[in-house]
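[1] need the 3D shape of this:
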Amino acid sequence: MRASNDLRTTLYPNIEPNLTGMLPVDEIHTLYWEESGNPAGVPVVLLHGGPGAGTNPQLRRFFDPAYYRIILFDQRGAGKSIPHGELRANTTPNLIADIETLRNYLGVEKWLVFGGSWGSTLAIAYAEAHPQRCLGLILRGIFLCRQSEIDWFLYGIRNLFPEPWRQFAEFIPEAERSDLLEAYYKRLIDPDPAIHMPAAHRWSIYEGSCSTLLPSPETVARFGEDNLALGMARIEAHYFKNNIFMPKNALLESVDQLRKIPAVIVQGRYDVVCPIVTADELHQAWLEAEYIIVPNSGHSAMEPNTLAELVGATERFKRVSKEIFCKT
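    Reported below is the predicted structural model:
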């Protein structure tokens, strides 16, 4: 599917949503959603990272607004969805059901699904549950939330980013450092902001500090914002502690459901948050997917060469989506 002349190297201009709304999905959670671009265009839904990080206006810009109907939403407990940081009824099956609720609410038959980091996890889980609803998948920074990946995040990153890891680990008293996840989790769920906010900042800034190949003070500052830090740290710890509420290795074992879905995997060679070994294992199990290794990028979608590959993929999917619509 790849053609070099399709590779756009910059984001599309800033745009504002055509529509926004709040969608109740159960008695606890109400989701923020928005729609921009072409109301009659090919639908694309973006699944943000974290879990718990929420969307931001930059994410609209990966898509040609003249061609795509661009749908963003904040997952349970994230961004503008309410209640913020809520862990009750917040599981991967809940999120999969929410995507379907939103699809039906917006009257979408099929859509392109775009997700990075945790968004790739959720995109795979959704596509395996509802392959008939997916025009295609664009995945970045693959994360399958297996125990080895969680352990790497909590302890292994210190081999490459010892300074951020030290600040992350030394926030916890030495007697509790053998189980950083449990130590952070009990602080993050404490109702007292004086306890949960410092823990959220340490967790989130740690992740932001390790997310780019080269130092990015702007990335670290964004990860330190209160809303993002609390939503992401609390919900990430919740999902890590509960093994994303799915059976062990379920995503790889169900990969047969994806084989007929056009897909692109974009992976930074030097991604430390979601190391390339996971993307490699996924591709070995799913050779039908196009696999692009970005040789000079880390984890962030906003690093120049990863950004170019992602926008290039949305450009190439214009042809794929037209072919699919012509057949239906």
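
[2] for the residue lying closest to residue 54 once chain neighbours are set aside, list the residues it contacts.
    Spatial nearest neighbour of residue 54, excluding adjacent residues (Cβ to Cβ, 6 or more residues apart in numbering): residue 79 at 2.6 Å. From N, CA and C alone the C-beta is placed, and that goes for glycine too. When contacts are counted by Cβ atoms under 8 Å, 6 or more residues apart in numbering, residue 79 touches 32, 48, 53, 54, 55, 227, 231.

[3] next one, pLDDT for residue 79 please.
    Looking at residue 79, its pLDDT is 97.

[4] ditto for residue 319
    Note for residue 319: predicted pLDDT of 80.

[5] in which helix or strand would I find it?
    Residue 319 is part of helix 304-327 when elements are defined by DSSP states H and E.

[6] just checking, what packs against that helix?
    Contact partners of helix 304-327 among helices and strands, from 3 or more Cβ pairs under 8 Å, 6 or more residues apart in numbering; DSSP states H and E: strand 42-47, strand 111-116, strand 134-140, strand 263-268, strand 290-294.

[7] next helix or strand past the third one?
    The reference is to strand 134-140. Counting by DSSP H and E, what follows strand 134-140 is helix 147-154.

[8] just how off-centre is the helix or strand just after that following helix within its chain?
    Scanning forward in sequence from helix 147-154 by DSSP H and E, the next helix or strand is helix 162-170. Relative to the chain's own centre, helix 162-170 is displaced by 24 Å; criterion: Cα atoms, centre = their mean, to the nearest Å.

[9] for helix 162-170, packing partners?
    Applying 3+ Cβ pairs under 8 Å, 6+ apart, we find helix 162-170 packed against helix 193-209.

[10] show which residues not belonging to the helix it packs on make contact with it.
    So helix 193-209 is contacted by 153, 161, 164-165, 167-168, 171, 184, 187-190, 219-220, 222-224, 226, 228-230, 232-234, 236-237, 273 (Cβ under 8 Å, 6+ apart).

[11] what subset of those residues is buried?
    153, 161, 164-165, 168, 171, 184, 187-189, 219-220, 222-224, 228-230, 232-234, 236-237, 273 (16 or more other Cβ atoms under 10 Å).

[12] let's see which of those residues end up in helices.
    Judged by DSSP state H, these include 153, 164-165, 168, 184, 187-188, 219-220, 222-223, 228-230, 232-234, 236-237 as members of helices.

[13] how about residue 88, nearest residue that isn't a chain neighbour?
    That would be residue 28: by Cβ to Cβ, 6+ apart, it lies 5.6 Å from residue 88.

[14] on the three-state scheme, the one you found is what?
    coil (DSSP: H, G, I helix; E, B strand; the rest coil).

[15] in this structure residue 279 contacts residue 294, no?
    No: checked against Cβ atoms under 8 Å, the pair residue 279 and residue 294 is beyond contact range at 10.7 Å.

[16] residues that sit against both of the two, list them.
    With Cβ under 8 Å, 6+ apart, residue 279 and residue 294 have common neighbours residue 267.

[17] of those two, who's got more company?
    residue 279 (27 against 23; other Cβ atoms under 10 Å).

[18] ok, the more buried one - contacts?
    Residue 279 touches 141, 142, 265, 267, 291, 293, counting by Cβ under 8 Å, 6+ apart.

[19] tell me which of those residues is nearest to residue 320?
    Distance ranking of the contacts of residue 279 against residue 320, using Cβ to Cβ, places residue 265 first at 15.1 Å.

[20] separation between the closest one and residue 276?
    10 Å (Cβ to Cβ, to the nearest Å).

[21] surely residue 120 is within a helix?
    Yes: counting by three-state DSSP, residue 120 is part of a helix.

[22] correct me, but it touches residue 149?
    No: applying Cβ under 8 Å, one finds residue 120 not in contact with residue 149, separated by 11.8 Å.

[23] give me the common contacts of those two.
    Contacts common to residue 120 and residue 149, judged by Cβ under 8 Å, 6+ apart, are residue 143.

[24] with pLDDT added, can I get the contacts of residue 279 in a markdown table?
    Converted to a markdown table, these look like this (pLDDT from 0 to 100):
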| residue | pLDDT |
| --- | --- |
| 141 | 98 |
| 142 | 98 |
| 265 | 98 |
| 267 | 98 |
| 291 | 98 |
| 293 | 98 |
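
[25] any regions of the protein where pLDDT drops low?
    When residues are selected by pLDDT under 70, those of the chain lie in 1-9, 321-328.

[26] domains for it, by residue range?
    Segmentation of the chain into domains, based on automatic domain parsing, reads 4-145+245-327, 147-244.

[27] out of those domains, which is the most enclosed?
    Greatest average neighbour count among the domains of the chain goes to domain 4-145+245-327 (a mean of 19), per mean count of other Cβ atoms under 10 Å.
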